[in-house]
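Novice: Sequence first, then the predicted structure, then my questions.
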Amino acid sequence: MGQRNWGKESGKGARLDIATLMTVHHVLIDGGVRKAAARLERPVSSVSAALGRFQAAVATPLFAPSGSRNLLTLEGRRLESSLSRAAELSLAIARLGIDPIDGAISESPFPLPLPSAPPDLRQATRLSISLATLQRFLVIARAGSIRRASLEIGMGQPQLTRQMQRLESELGVTLMQRGQAGVALTEFGRRLMTLAEDLDQVWGRLNEGSDDRFHRIGVTTRLGAVSPLGSGSRVARIIAALVAAWPRRRARAPLFVTSASADDLLAGLSGGLYDLVLVDCDQIPDGLLGRRVWQSRLALVGPTGSFAGKTLADLPEILMANKLAAPSSRTGLRQKITQLIAEELPRDLRDRLSVTEIDMIPVIANLVVDHGYLTVMPVSALAGLEAGMDAIALSEHYDIGLTLVRRPSPATDGAMKVALDILSELPLEPNVRLLDQRAKKLSKTGSGAAATSRDSVPVAARSSSSASTSEDKGRSER
């Protein structure tokens with residue numbers, strides 16, 4: 001059987017031990033770091049660090065943020081069964097001096113998951129027996145000599161001997177009898193050899209493809225963005241422009257783009273899942289740096305004919321006479337809708353307002369066109385949605401923007417500058433004056449579908465020098 005260099009330090013500097021495998025397994029079965037820490041009676045910081053080491057070793061995240069929860073990624077689900085087996089083998093190794101010598105080793109003495117962690121499992125998750133040490137034990141067992149194994153490994157014989165003595169001390173058993181002819185494994189040693197070989201096979205499945213993932217993670221710029229409101233929306237065009245122009249600026253660091261809600265994007269940025277995020281909210285958490293790159297008027301949208309003869313003065317009446325569809329509170333757009341309701345309706349009317357929450361924009365569009373709902377959208381997004389809509393443009397007080405946010409670091413600073421340079425070169429909207437006139441007309445009467453206004457042109461395109469050289473910390477400029 002080929003030998004895996006378990007002790008090899010990855011590009012992330014990760015070193016694994018059996019305690020880490022058991023701890024991360026409990027993070028998966030408990031659904032989070034805090035619950036696993038409580039079960040194992042370990043500090044949250046220690047369990048979080050174990051999860052970080054494992055994710056670095058396999059070069060993939062196991063969890064993705066989803067609102068206030070963390071959900072298993074698809075790759076996390078793929079690795080779950082192998083990690084469960086690795087945890088069983090690790091626990092069997094930790095209990096080597098406790099279990100009967102002739103006991104079965106195909107399953108853990110404590111089938112996992114456990115309703116509560118017994119004392120010896122909690123103690124096992126504190127053992128620092130590294131996978132590298134187990135690999136070196138296997139080399140000695142196969143070579144039958146510490147001297148020959150030290151030559152094969154490239155480690156000094158005294159150092160290797162001390163490492164095996166520490167291994168025996170931690171397990172509380174004698175693994176090998178030393179003599180002039182070499183070493184002979186004890187019953188405990190033979191049992192450990194079987195367990196370690198099985199763990200080698202399982203680790204191979206867990207670690208498969210990690211070198212390639214390390215390479216991709218190391219060179220890829222990860223951009224998270226709010227979901228565009230239709231293929232013709234300005235947000236979709238901004239993201240497409242970034243993707244198209246990026247290879248000319250950073251050919252060795254390709255851009256990978258994924259979408260999520262503003263809340264999830266900011267949490268993912270803080271957690272290192274993204275290098276940059278585009279969010280549709282004004283409030284940026286402390287410690288992150290943001291720059292507004294786009295701004296648009298908002299419009300109250302309804303089915304054709306629903307706003308005939310109506311103006312902004314009729315807004316409370318319109319809202320109370322119709323059902324409202326809105327995205328969830330994790331989005332910046334919903335925050336604007338909540339602000340609109342709070343400022344336009346008295347408290348007693350707010351409590352009676354019917355709001356349906358749904359995060360799928362195409363479904364919201366169908367609710368408006370086919371079922372008579374109202375919603376609120378950026379004026380620039382309406383051209384890419386269904387026909388059969390009327391809109392009343394809201395006042396500038398409710399304008400929504402798109403902010404490019406990063407964590408402070410030299411690497412993300414370079415990516416931020418490239419993105420801002422690309423955005424500064426985006427052309428102005430076609431027929432911008434005509435479209436602006438239509439948006440102004442909508443602010444007085446609700447006749448006809450809304451179109452893009454001048455305010456939907458990226459800030460970077462209208463003020464490229466400031467956008468590419470300055471940055472707002474905390475709250476982005478309005």
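Specialist: The structure has been received and is ready for your questions. Small disclaimer: the values here were computed from a predicted structure and weren't measured.
Novice: which stretches of this structure have low pLDDT?
Specialist: Low-confidence segments of the chain (pLDDT under 70): 1-14, 65-70, 99-122, 209-219, 230-232, 383-387, 427-478.
Novice: Most remote residue from the middle of it, which is it?
Specialist: The C-alpha centroid of the chain is most remote from Q180, which lies 55.7 Å away (Cα atoms, centre = their mean).
Novice: P316 reaches L349, doesn't it?
Specialist: Yes: contact criterion Cβ atoms under 8 Å: P316 and L349 qualify, at 6.8 Å. Bear in mind the C-beta positions are built from the backbone N, C-alpha and C, glycine included.
Novice: For those two, list the residues in contact with both.
Specialist: Counting by Cβ atoms under 8 Å, 6 or more residues apart in numbering, P316 and L349 have no common neighbour.
Novice: Please report how far the residue farthest from the centre of the chain lies from G204.
Specialist: Distance, Q180 to G204, by Cβ to Cβ, to the nearest Å: 36 Å.
Novice: One more: Y274?
Specialist: From Y274 to G204 the distance is 30 Å (Cβ to Cβ).
Novice: Please say which of those two ends up with more neighbours.
Specialist: Legend: neighbour count by other Cβ atoms under 10 Å for Y274 and G204, higher for Y274 (26 against 13).
Novice: The more buried one: what's its closest spatial neighbour, skipping adjacent residues?
Specialist: Using Cβ to Cβ, 6 or more residues apart in numbering and skipping the chain neighbours, the partner closest in space to Y274 is G224 (4.2 Å).
Novice: partner residues bridging the one you found?
Specialist: T258, V277 (DSSP bridges).
Novice: and it, how many neighbours does it have?
Specialist: Counted with other Cβ under 10 Å, residues neighbouring G224 total 24.
Novice: before we move on, what about R148?
Specialist: Neighbour count of R148, defined by other Cβ under 10 Å: 16.
Novice: With E357 instead?
Specialist: Residues near E357, counting by other Cβ under 10 Å, number 11.
Novice: Need phi/psi at it.
Specialist: phi -100, psi 130 (degrees, to the nearest 10).
Novice: Might you report the residue contacts of it?
Specialist: Going by Cβ under 8 Å, 6+ apart, E357 touches A326, P327, S328, R334.
Novice: Return the member of the residues you listed nearest to Y373.
Specialist: Among these, A326 lies closest to Y373 (Cβ to Cβ), at 9.6 Å.
Novice: Pull the contacting residues for the closest one.
Specialist: The contact partners of A326, by Cβ under 8 Å, 6+ apart, come to L333, R334, I337, V355, T356, E357, I358, I364, T375, V376.
Novice: Could you rerun that using 7 Å?
Specialist: R334, I337, V355, E357, T375, V376 (Cβ atoms under 7 Å, 6 or more residues apart in numbering).
Novice: Sort out for me which of the residues you listed are in helices.
Specialist: R334, I337 (DSSP state H).
Novice: Which among the contacts of A326 count as buried?
Specialist: Neighbour counting by 16 or more other Cβ atoms under 10 Å classes R334, I337, V355, T375, V376 among those as buried.
Novice: can you redo the residues you listed as JSON lines with distance to R166?
Specialist: What follows is the buried ones among the contacts of A326, written out as JSON lines (distance: Cβ to Cβ, whole Å):
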{"residue": "R334", "distance to R166": "56"}
{"residue": "I337", "distance to R166": "62"}
{"residue": "V355", "distance to R166": "63"}
{"residue": "T375", "distance to R166": "65"}
{"residue": "V376", "distance to R166": "65"}
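Novice: between those, which is nearest A49?
Specialist: Nearest to A49 out of the buried ones among the contacts of A326 is R334 (Cβ to Cβ; 35.1 Å).
Novice: State the distance from the closest residue to that closest one other than its chain neighbours to L71.
Specialist: Once flanking residues are discounted, R334 sits nearest to P327: 4.9 Å by Cβ to Cβ, 6+ apart. Distance, P327 to L71, using Cβ to Cβ: 19 Å.
Novice: try E396
Specialist: Counting by Cβ to Cβ, the gap from E396 to L71 is 38 Å.
Novice: Same question for S46.
Specialist: 23 Å.
Novice: So between these two, which is more surrounded?
Specialist: S46 (16 against 13).
Novice: Name the nearest residue to that one, sequence neighbours excluded.
Specialist: A37 (7.4 Å).
Novice: Helix, strand or coil: sort out that neighbour for me.
Specialist: The three-state label given to A37 by DSSP: H, G, I helix; E, B strand; the rest coil is helix.
Novice: Let me see the contact set for it.
Specialist: By Cβ under 7 Å, 6+ apart, the contact set of A37 is P43, V44, V47.
Novice: which ones among the residues you listed are found in strands?
Specialist: Using DSSP state E, no member of those sits in strands.
Novice: which two from the contacts of A326 end up farthest apart in space?
Specialist: E357 and V376 (13.0 Å).
Novice: Surely S128 is in contact with D17?
Specialist: Yes: using Cβ atoms under 7 Å, S128 is in contact with D17, at 5.4 Å.
Novice: higher neighbour count, the two?
Specialist: D17 (21 against 12).
Novice: Name the nearest residue to the more buried one, ignoring sequence neighbours.
Specialist: Of all residues not flanking D17 in the chain, S130 sits nearest, at 4.5 Å (Cβ to Cβ, 6+ apart).
Novice: how close does the one you found sit to T338?
Specialist: Taking Cβ to Cβ, one finds S130 at 51 Å from T338.
Novice: More neighbours: which of the two?
Specialist: Neighbours per residue, other Cβ under 10 Å: of S130 and T338, the larger number sits with S130, 19 against 14.
Novice: all strands for the stretch 101-250 of the chain, in order.
Specialist: Along the stretch 101-250 of the chain, counting by DSSP state E, counting those that start in this stretch, strands occupy 176-179, 182-185, 221-225.
Novice: Against which helices or strands is the host helix or strand of I364 packed?
Specialist: In the assignment (DSSP states H and E), I364 maps to helix 361-371. Applying 3 or more Cβ pairs under 7 Å, 6 or more residues apart in numbering; DSSP states H and E, one finds that helix 361-371 contacts strand 298-303, strand 324-326.
Novice: Tell me which of those strands is the most buried.
Specialist: Neighbour counts (mean count of other Cβ atoms under 10 Å) averaged over each of those peak at strand 298-303, with a mean of 25.
Novice: Identify the residues contacting that one?
Specialist: Identification of contacts with strand 298-303 by Cβ under 7 Å, 6+ apart yields 318, 322, 336, 368-369, 372, 374-379, 382, 388-394, 398-400, 442, 450.
Novice: Can you tell me how far the nearest residue to R205 once chain neighbours are set aside is from K310?
Specialist: Closest residue in space to R205, ignoring its immediate chain neighbours: S82 at 4.6 Å, by Cβ to Cβ, 6+ apart. Distance, S82 to K310, by Cβ to Cβ: 61 Å.
Novice: For A184, give me its contacts.
Specialist: Counting by Cβ under 7 Å, 6+ apart, A184 touches M176, Q177.
Novice: what bridges to it?
Specialist: Counting by DSSP bridges, A184 forms beta bridges with Q177.
Novice: Count the neighbours of S145 for me.
Specialist: Using other Cβ under 10 Å, S145 is surrounded by 16 other residues.
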